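[1] Return a 3D structure for these sequence lines:
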Amino acid sequence: MTSRDNVNGQSTSNRPHYYPPDHRSSSASLKGCCCCLFLLFSFLALLVLAIVLVIFLAVRPKKPQFDLEQVGVQYVGINPNPPSSSTATSASVSLNIRMLFTTVNDNKIGIKYDESRFTVMYKGIPLGRGIVPGFYQPAHSVRQVETTIAVDRVNLLQADATDLIRDATVNDRVELRVLGEVGAKIRILGLTSPGVEVSVDCQIVISPRKQSLTDKQCGFDGLSV
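    Numbering: from 1, shown residues only. Take a look at the predicted model:
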């Protein structure tokens, strides 16, 4: 037996052979798995989107109706400053207005309303704000929600104060404007659609002597109601 055939008493043909790991095959397998997962998630996302789209087209959702139904004047107080002056340089306004809104959902699915804010204005000057908390309205239902706008001694300067005092004491007719944005979302299979904005714009006239509402004209999404 020669030295080439025997090293330390062992045949070279019986030795185990070691091969370095193939990094290229491992990397290719990892990329293949990632690609399969990406395709799977993409398919599931498209499938869910298609189902929601089919349901959305089947129910054909309509815009919610949000209307100012009643306005109750609980208190009106207008005081010139200074009180003894015939031509007031300013006026202090205090009032409480209770507003009752009616919401109508003619859809086959429910509507989720966000918190809504309403502002009472006199000749473009904000006097006070009211808040209607968010709520959920089921399908084919009518609901009433209310808010109270409290104006506590808001001061108006000369020209506006003079006009307001004349309207209140001489004409017994104070014109106010109520503005608000109502955010609504449609819920389908637990999923919420993008928000839909509903605008409320009301011109109201109150009588300080009678502490009551005398006229109301509202706009709903730019349409007269």
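[2] Would you mind giving the domain segments of this protein?
    When the chain is parsed with automatic domain parsing, its domains come out as 25-60, 65-224.
[3] what about the shortest one, average pLDDT?
    The predicted model assigns domain 25-60 a mean pLDDT of 67.
[4] Ranking the domains of the chain by mean neighbour count, which comes first?
    Ranked by mean neighbour count under mean count of other CB atoms under 10 Å, these are led by domain 65-224, which reaches a mean of 16. In short, each C-beta sits where N, CA and C put it, glycine included.
[5] still on that earlier bit, going by mean pLDDT, which of the domains of the chain comes out lowest?
    domain 25-60 (a mean of 67).
[6] all helices of this protein, in order?
    23-59, 158-166 (DSSP state H).
[7] List the contacts of Gln65.
    102-106, 220 (CB atoms under 8 Å, 6 or more residues apart in numbering).
[8] do Gly219 as well
    With contacts defined as CB under 8 Å, 6+ apart, Gly219 is in contact with 199-202, 225.
[9] try it again with 6 Å
    Taking CB atoms under 6 Å, 6 or more residues apart in numbering, we find Gly219 in contact with Asp201.
[10] going forward, begin numbering at 41 instead of 1
    Understood, numbering begins at 41; the last thing we discussed is Gly259.
[11] show me what contacts Glu155?
    Listed by CB under 6 Å, 6+ apart, the contact partners of Glu155 are 173-174.
[12] Go again with 10 Å.
    When contacts are counted by CB atoms under 10 Å, 6 or more residues apart in numbering, Glu155 touches 171-175, 222-223.
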